[in-house]
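Undergrad: okay, structure incoming, though there's no sequence with it:
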Ligand SMILES: Cc1cc2nc3c(=O)[nH]c(=O)nc-3n(C[C@H](O)[C@H](O)[C@H](O)COP(=O)(O)O)c2cc1C
């Protein structure tokens, strides 16, 4: 089957998922490619529609062993016509739990046929210089593995004759999915002495939770993705809650051993 159009869709507050999905797409030879970033707040959710001889590569980070709820909500706009799909879950070297199977279900219900899946490792959103967790992932090896995975997808789709003979893959995970533990850790703070009021934090916030007037985060809307902290060049945004420090310590000590990307084809 010749792939005419490749659509990449990703939710990626701290950009590791985006890097991996981009690299996978480099390995797939399509006539046209289109990138759809669902990270920013969307005033109007436009339909993401795909037809039969297109391919969808969809990437999400793992949040508490699940697909982030914000991504779940935005992915309701997906609509396929037996379109082949590649599922990508990016996690911070801890656990994937049920995120991949949840992504499988979202995509299948929307009319796609999952033909390949992968888990990749990205620097943990909570990683710091003092408590590194999968720091600097994805690295060069990860990105090369992603391009190679894209090539394998290309070979697999070339061997498919039509949508009628496509058998969906199966992915690890449990139904019902694990219950995602809410992180009630408070929102990131701002050090007004360091803040230059550049507005980068409010621009990168995926839920529009940061007030552009005073740069404060709204408790209700913040999803603790750490995009504001990681994007602040002045180090003006921080989260020093003692519970959060304990979480980071635990992640840093328990998940030191390097994990590698895994593929299902
Ligand atoms: C709220 C939250 C929950 C997370 N839960 C997990 C988890 O359950 N397992 C894991 O390995 N990593 C977890 N992570 C780490 C992210 O999956 C990881 O850093 C990923 O690379 C972030 O993707 P992004 O750069 O595209 O935002 C979590 C991160 C956040 C912000």
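TA: On my side now, so go ahead. Quick caveat: nothing in here was measured; it's all calculated off a predicted structure. Residues are numbered from 1 along each chain as shown.
Undergrad: what about residue 121, how many residues nearby?
TA: By the criterion of other CB atoms under 10 Å, residue 121 has 24 neighbours. No exception for glycine: its C-beta is placed from N, CA and C like everyone else's.
Undergrad: so how far is the ligand from residue 160?
TA: Residue 160 sits 29 Å away from the ligand, going by CB to the nearest ligand atom, to the nearest Å.
Undergrad: what count of nearby residues applies to the residue lying closest to that residue once chain neighbours are set aside?
TA: Distance criterion CB to CB, 6 or more residues apart in numbering; nearest residue to residue 160, sequence neighbours excluded, is residue 1 at 4.4 Å. When neighbours are defined as other CB under 10 Å, residue 1 has 17 of them.
Undergrad: is it true that residue 1 touches residue 30?
TA: No. Distance between residue 1 and residue 30: 11.5 Å, which falls outside the contact criterion (CB atoms under 8 Å).
Undergrad: what residues does this protein have near the ligand?
TA: 12-17, 61-65, 90-95, 122-125, 183, 224-226 (CB under 6 Å from any ligand atom).
Undergrad: now for the closest residue to the ligand within the stretch 51-200 of the chain, how many residues are close by?
TA: Closest to the ligand within the stretch 51-200 of the chain is residue 122: 2.4 Å, counting by CB to the nearest ligand atom. The number of residues packed around residue 122, counting by other CB under 10 Å, is 26.
Undergrad: backbone dihedrals for it, please?
TA: phi -120, psi 150 (degrees, to the nearest 10).
Undergrad: excluding chain neighbours, what is closest to it?
TA: residue 16 (2.7 Å).
Undergrad: bridged to the closest residue to residue 265 other than its chain neighbours, which residues?
TA: Leaving aside its sequence neighbours, residue 265 sits nearest to residue 116 (CB to CB, 6+ apart; 5.0 Å). Note on residue 116: beta-bridge partners by DSSP bridges are residue 86.
Undergrad: next one: the one 5 residues further on
TA: Partner residues in beta bridges with residue 121, using DSSP bridges, are residue 91.
Undergrad: I'd like the distance between residue 72 and residue 99.
TA: 11 Å (CB to CB, to the nearest Å).
Undergrad: let me redo that: residue 238
TA: Taking CB to CB, one finds residue 238 at 27 Å from residue 99.
Undergrad: who has more neighbours out of those two?
TA: The residue with more neighbours, out of residue 238 and residue 99, is residue 99; 28 against 15, by other CB under 10 Å.
Undergrad: need the phi and psi values for that one.
TA: phi -60, psi -40.
Undergrad: where does it land on pLDDT?
TA: In this model, residue 99 is scored at 98, pLDDT.
Undergrad: quick check: closest non-adjacent residue to it.
TA: residue 62 (4.2 Å).
Undergrad: correct me, but the one you found touches residue 102?
TA: No. Judged on CB under 8 Å, residue 62 makes no contact with residue 102 at a distance of 9.7 Å.
Undergrad: domain-wise, how is the protein divided?
TA: 5-176+259-264, 189-240 (automatic domain parsing).
Undergrad: just the ones you listed: most buried one?
TA: domain 5-176+259-264 (a mean of 19; mean count of other CB atoms under 10 Å).
Undergrad: mind checking the end-to-end distance for that one?
TA: Using CA to CA, to the nearest Å, the end-to-end distance of domain 5-176+259-264 comes to 22 Å.
Undergrad: how about stretch 77-90?
TA: 21 Å.
Undergrad: so how far is that stretch off the chain centroid?
TA: Offset of stretch 77-90 from its chain centre (CA atoms, centre = their mean, to the nearest Å): 14 Å.
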